[in-house]
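In: Build the 3D model from these lines:
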Amino acid sequence: MSDDEMPEARELLAGVEAAVREVGATLAARRPDRPCPASTLAEARTLFAALDEPAAAELRRRLGALRPGAGWVADELAGSVPAEGEWWLCDTTDGAVQFLLGLPQWAVTATLVRDGAAVLAVVHAPQLGATYRAVRGGGAELDGRPIAAVERELAVTVAGTSQPPLVARDRLALRRAGASLSAVAGAVLAVRNLGPTSLQVAQVGSGHLGLFWQFGPDAANLLPGALVAAEAGAAVTDAAGAAWTPAADGFLAAAPGLHARALPLFSCLD
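Out: Numbers count the residues shown, from 1 in each chain. You can find the predicted model right below:
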């Protein structure tokens, strides 16, 4: 964003954070305190919808009041975003599986996308007490404090990874995910899946994770964390090192030096 736009963006960011926090508090209060009793996918979806849909409607109402001219991406599982105009891309429960199991690793996210690129994002994990936020060109913060990605050697790096919600339909992404896990696990200190994709990518920006990678389109979950990580100084690319876009089929985020050392791990997956 330009310097002239920054004050307005900061004011909008504060409003978005307030909306996300309110919705997160409501969901946290209603979240099961024990694992979901559903034994089938249909049962789990029904239970989840009863919690998620009202929260999504409330977030949409509050964000619509903040930015009346922005559209709303209705299907966050689509894996893509509109290439033109302003749109809200949100996920009231990134980490739905953990949410239903009564685990604390889930997050509420809100991202303002302009002409296909994220310009503002909030990632709020109510039960972990962590709130990331970023404005394009304005840096990134965790709980109000500026953050920066941390350089590490591969041998002491903890890497995060995950899979898109519909990855089972993408055989190439599945194959690359498996091959990359072997490649990365053999080079780093540890590989972990710590829950919400958006939160893990943001954690690269704060240095809690050294790097994060994933295969398969996953715009709703990657965009907010990608903005946070990039504004914190991380290199954010596809798995081949090219500039990442929401339509890319691979993702890699890490501090620049670490990113350069990790990139060769993904060069022989095909």
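
In: quick one: the strands in the stretch 101-250 of the chain?
Out: Under the criterion DSSP state E, counting those that start in this stretch, strands of the stretch 101-250 of the chain are mapped to 107-114, 117-125, 130-135, 140-142, 145-146, 158-161, 190-192, 211-215, 235-237, 250-254.

In: Ok, which of those comes nearest Gly225?
Out: Nearest to Gly225 among these is strand 117-125; the distance by C-beta to C-beta comes to 6.2 Å. No exception for glycine: its C-beta is placed from N, CA and C like everyone else's.

In: elements contacting that closest one?
Out: In terms of contacts (3 or more C-beta pairs under 8 Å, 6 or more residues apart in numbering; DSSP states H and E), strand 117-125 is packed against helix 6-30, strand 107-114, strand 130-135, helix 197-205, helix 219-231.

In: Dump the ones you listed into CSV; add mean pLDDT as well.
Out: Shown next, in CSV, are these (pLDDT from 0 to 100):
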stretch, mean pLDDT
helix 6-30, 91
strand 107-114, 96
strand 130-135, 97
helix 197-205, 97
helix 219-231, 95
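
In: Nearest to Leu265, out of these?
Out: Closest of the helices and strands packed on strand 117-125 to Leu265 is helix 197-205, at 15.8 Å (criterion: C-beta to C-beta).

In: Was I right to think Asp170 contacts Asp218?
Out: No: look at Asp170 against Asp218 with C-beta atoms under 8 Å: they stay out of range, at 10.4 Å.

In: by contact count, what packs against the lowest-mean-pLDDT helix or strand in the chain?
Out: Least confident helix or strand of the chain, by mean pLDDT, DSSP states H and E, is helix 171-185 with a mean of 87. Applying 3+ C-beta pairs under 8 Å, 6+ apart, one finds that helix 171-185 makes contact with strand 158-161, strand 190-192, strand 211-215.

In: Wasn't Ala262 part of a helix?
Out: Yes: counting by DSSP: H, G, I helix; E, B strand; the rest coil, Ala262 falls inside a helix.

In: how long is stretch 112-126 from one end to the other?
Out: End-to-end span of stretch 112-126 (C-alpha to C-alpha, to the nearest Å): 20 Å.

In: quick one: buried residues of that stretch?
Out: Within stretch 112-126, the residues that count as buried by 16 or more other C-beta atoms under 10 Å are 112-113, 116, 118-126.

In: Then stretch 16-25?
Out: Of the residues in stretch 16-25, those buried (16+ other C-beta under 10 Å) are 16-17, 19-20, 22-24.

In: on that earlier part again, can you check which of the helices and strands packed on strand 117-125 gets nearest to Leu47?
Out: Nearest to Leu47, of all the helices and strands packed on strand 117-125, is helix 6-30, at 11.2 Å by C-beta to C-beta.

In: For Val16, see how far away Arg60 is.
Out: Counting by C-beta to C-beta, to the nearest Å, the separation of Arg60 from Val16 is 12 Å.

In: ditto for Pro217
Out: Distance, Pro217 to Val16, using C-beta to C-beta: 24 Å.

In: Same question for Trp244.
Out: The spacing between Trp244 and Val16, counted by C-beta to C-beta, is 23 Å.

In: before we move on, what about Leu89?
Out: Leu89 sits 12 Å away from Val16, going by C-beta to C-beta.
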